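In: Structure of the sequence below:
(2 chains)
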2 protein chains.
Amino acid sequence: MTEEDRQKDLKFMALALEEAKNAALRDEVPIGAVLVDANGTILAQTSNRTIELSDPTAHAEILAIRDACRKAGSQRIPGCDLYITLEPCAMCAGAISFARIRRVIFAAPDPKGGGVLHGGQFFNQPTCHHRPEILDGMMAEDSTTLLKGFFKEKRERG
Amino acid sequence: MTEEDRQKDLKFMALALEEAKNAALRDEVPIGAVLVDANGTILAQTSNRTIELSDPTAHAEILAIRDACRKAGSQRIPGCDLYITLEPCAMCAGAISFARIRRVIFAAPDPKGGGVLHGGQFFNQPTCHHRPEILDGMMAEDSTTLLKGFFKEKRERG
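Out: Below is the predicted model of the structure:
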């Protein structure tokens, strides 16, 4: 990876973290996503809205993919990269594969609910028919700090 | 299971199969779902619309869950049962768990893409925090015949 590519990745992950902070302000679990096409154009910037939308599937990743696919008029958006502040769950890993996302860049690992490095590791299964390139750990501490602070405050408020 | 319960299950699965046939008429992969509350009231009847909606997440199960959750004003609909004509994939298994579905009744197994009996077997993972009761194989042949016929016709049309 060139330094230029790395700077681009850092820029989009920083944006995803801003989205995650927006979610926290709405009292949603602070996870954000940014979906970018092959030219580096942002197609979607999203964060969790499961409470607001009464929709258990309204994870940042799903909202970004649905948004970009609707705009593209296709259920597949090959060549696109998805930046996420937390390891995707099994549900989101499935959607990422179906949408033919090229690269998945995520910040913090999620041992409790992740589906890429943890649990069923969907992308490593023979039932997965498109495996994106994975880059994990980018700005992981920022994401973990944000999530821990959110849940600590929730516990303290009771 | 009482004979009455079994007849109820068969009735809802027959409806899910009707939904699957509707999908085939729209040239979508024929998979249908029926979501029922604890009183046996139908909350959603859906089938695949990934092409029509340009949405890779628009599987029958996801559409049913989103529909019923929106109506309930909650991301969780405990006590509900989901009838599906094909084994759910990893994405749908995740959504089923998040929505706290009580029972999942499905017809045909899906060795190529299933996420319940196959692949990462999401409900058996420590990263799964709600495991529904599972009943598989109900009216499996009807579903398999429908799917095979659909794909055969697609191949023949070229």
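
In: And what about A:V34, helix, strand or coil?
Out: Under the three-state scheme (DSSP: H, G, I helix; E, B strand; the rest coil), A:V34 adopts strand.

In: Surely it is in contact with A:Q45?
Out: Yes. A:V34 is within contact range of A:Q45, at 5.2 Å (criterion: Cβ atoms under 8 Å). Any C-beta I mention is one placed from the backbone N, CA and C, and that applies to glycine too.

In: For chain B, what's the nearest residue on chain A?
Out: Minimum separation of chain A from chain B (Cβ to the nearest Cβ) falls at A:G120, amounting to 1.9 Å.

In: Now do the contacts for that residue.
Out: A:A90, B:A90, B:G115, B:G119, B:G120, B:Q121, B:F122, B:Q125, B:T127 (Cβ atoms under 8 Å, 6 or more residues apart in numbering or on different chains).

In: try it again with 10 Å
Out: A:90, A:93, A:114, A:127-128, B:90, B:93-94, B:115, B:119-125, B:127-128 (Cβ atoms under 10 Å, 6 or more residues apart in numbering or on different chains).

In: So for it, what's the nearest residue that isn't a sequence neighbour?
Out: Leaving out its chain neighbours, the residue that sits closest to A:G120 by Cβ to Cβ, 6 or more residues apart in numbering or on different chains is B:G120, at 1.9 Å.

In: Which residue ranges of chain A form helices?
Out: Applying DSSP state H to chain A gives helices spanning A:3-25, A:60-72, A:90-98, A:140-157.

In: How many neighbouring residues does the nearest residue in space to A:K112 that is not next to it in sequence have?
Out: The shortest distance from A:K112 to any non-neighbouring residue, by Cβ to Cβ, 6+ apart, is to B:T127 (6.5 Å). When neighbours are defined as other Cβ atoms under 10 Å in any protein chain shown, B:T127 has 21 of them.

In: and what of A:V34?
Out: For A:V34, the neighbour count with other Cβ under 10 Å is 27.

In: How about A:T41?
Out: 9.

In: Now do the same contact list for it.
Out: Shown in contact with A:T41 (Cβ under 10 Å, 6+ apart): A:L35, A:C80.

In: Phi first, then psi, for the residue of chain A closest to chain B.
Out: Backbone torsions of A:G120, given as degrees, to the nearest 10, read phi -80, psi 0.

In: And it, what's its pLDDT?
Out: You'll see A:G120 listed with a pLDDT of 98.

In: dump the residue contacts of the residue nearest to A:I134 when sequence neighbours are not counted.
Out: Among residues not flanking A:I134 along the chain, A:V104 sits closest, at 5.4 Å (Cβ to Cβ, 6+ apart). A:V104 makes contact with A:61, A:81-84, A:87-88, A:92-93, A:96-97, A:116, A:123, A:131-136 under the criterion Cβ under 10 Å, 6+ apart.
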